[in-house]
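1. Predicted model and sequence below, questions to follow.
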Amino acid sequence: MTTVWHQTKFRVPYKDTDRMEVVHHSNYITWFENARTECMRHYGLTYSKVENLGFLLPVLDVNVSYKKSAGYDDCIVVFTRAASYSPVRLEFAYEARKISEEEFMHGKGKEAETEALYGELIAKGNTMHMWVNKEWKPARMDKAAPDIYAVLQKTAER
């Protein structure tokens, strides 16, 4: 089985840095959330669509392992993939990597999906989520929204 990652590129904004002139550790979780949102959008599962169907996807757990620092205006790519899933849970894996200006503008990763990770690893982590309905009761997506569950199966099993 081939592992396919979705990639989201951006430059580190000044507001994400701290007094030490490096990205504050809490911002990586925001980066992961933005990348997860774009990954889901790429596969046709926007949060607004999911919510309009009556489902929410709250975070149960977040883990981040920091490897190196990033600073203002660095070029970053966050690789995201569905790491595991069940009818009620969904786990995403992330790798934040520093890339060159050339890779950011013209080089690697012009497509949304890739099998080959590139750049210098700066942080990696995962988030665990649970599908719930509007009353915050667990929802079995295989029964409640089989079309959404089919997209999860397709993307997670690649």
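-> Sure thing, it's come through. Because the structure is predicted, anything quoted here is derived from the model rather than measured. Residues are numbered from 1 along each chain as shown.
2. For stretch 75-95, buried residues please.
-> By neighbour count on 16 or more other C-beta atoms under 10 Å, the buried set for stretch 75-95 is 75-82, 85, 90-95. Where you see a C-beta, it was placed from the backbone N, CA and C, and this is true even at glycine.
3. Which SSE is immediately downstream of the helix ranked longest in the chain?
-> Using DSSP state H to define each element, the chain has its longest helix at helix 27-42. Where DSSP states H and E defines the elements, the next helix or strand beyond helix 27-42 is helix 47-52.
4. and that following helix, what does it pack onto?
-> Helices and strands touching helix 47-52, by 3 or more C-beta pairs under 8 Å, 6 or more residues apart in numbering; DSSP states H and E, are helix 27-42.
5. helices or strands next to the helix it packs on in the packing?
-> Helix 27-42 packs on strand 5-11, helix 47-52, strand 59-66, strand 75-85, strand 89-99, strand 120-130, going by 3+ C-beta pairs under 8 Å, 6+ apart.
6. can you pull the contacts of R89?
-> By C-beta atoms under 8 Å, 6 or more residues apart in numbering, the contact list for R89 reads L60, M128, H129, M130, W131.
7. From those, list just the buried residues.
-> H129, M130, W131.
8. Would you confirm that the last one contacts F55?
-> Yes. With contact defined as C-beta atoms under 8 Å, W131 reaches F55; the gap is 5.8 Å.
9. any common contacting residues for these two?
-> With C-beta under 8 Å, 6+ apart as the test, W131 and F55 both reach A139, M141, A144.
10. coming back round to it: out of the buried ones among the contacts of R89, which is nearest to E51?
-> W131 (11.7 Å; C-beta to C-beta).
11. Tell me, please, the helix or strand in this protein that averages the lowest pLDDT.
-> Ranked by mean pLDDT, DSSP states H and E, the weakest helix or strand in the chain is strand 113-114, scoring a mean of 84.
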